[in-house]
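**Q** model this:
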Amino acid sequence: MNHVQANQSGLTIRAAQDQVDDWIQTIGVRYFNEMTNLAQLVEEVGEVAKILSRTHGEQSSKPGESLGDLADELADVLFVTICLANQSGIDLTTALRNNLDKKTKRDATRHRNNEKL
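**A** Residues are numbered from 1 along each chain as shown. Sure, this is the predicted structure:
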């Protein structure tokens, strides 16, 4: 059983990276180049923005406009992000841990002391 067919419960970031890679190799044929994936990422983030601006922001939908599914669009953002990480040799588990450590040290009191929050 390859990673694409594996049980989805308890999916780790590492397993997601492996499953996306398996999908690319078996169904997607190959990774798009990094610039194409960047364009895809921007497009997917735009779709998330469209949904949120119409459901939580002040913008209204056009008559007959289908907004799409926020969960699916966020998953698209994650998929392309994983593609970029894979083709750049980045382990997202390590990257996220390091990023959270950085934020924890940098922002230990910053948000608690922010009068706007």
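
**Q** closest to the centroid, which residue in the protein?
**A** The chain has residue 78 as the residue nearest its centroid, 2.2 Å off, counting by CA atoms, centre = their mean.

**Q** where in this protein is pLDDT low?
**A** Scanning the chain for pLDDT under 70 picks out 1-8.

**Q** if we go to 50?
**A** The model of the chain has pLDDT under 50 over residues 1-6.

**Q** can you pull the contacts of the residue nearest to the centre of the chain?
**A** Counting by CB atoms under 8 Å, 6 or more residues apart in numbering, residue 78 makes contact with residue 16. Using the backbone N, CA and C atoms, a C-beta is placed for each residue, glycine as well.

**Q** how about the helices of this protein, start to end?
**A** With helices called from DSSP state H, the chain shows them at 13-23, 34-55, 70-88, 92-106.

**Q** gap between residue 63 and residue 70?
**A** 21 Å (CB to CB, to the nearest Å).

**Q** who's more crowded, those two?
**A** More neighbours surround residue 70 than the other of residue 63 and residue 70, with 14 against 5 (other CB atoms under 10 Å).

**Q** residues near residue 19, how many?
**A** Residue 19: 19 neighbours (other CB under 10 Å).

**Q** likewise for residue 24?
**A** Residue 24 has 19 nearby residues by other CB under 10 Å.

**Q** do you know how far it is from residue 115?
**A** Residue 24 is 47 Å from residue 115, by CB to CB.
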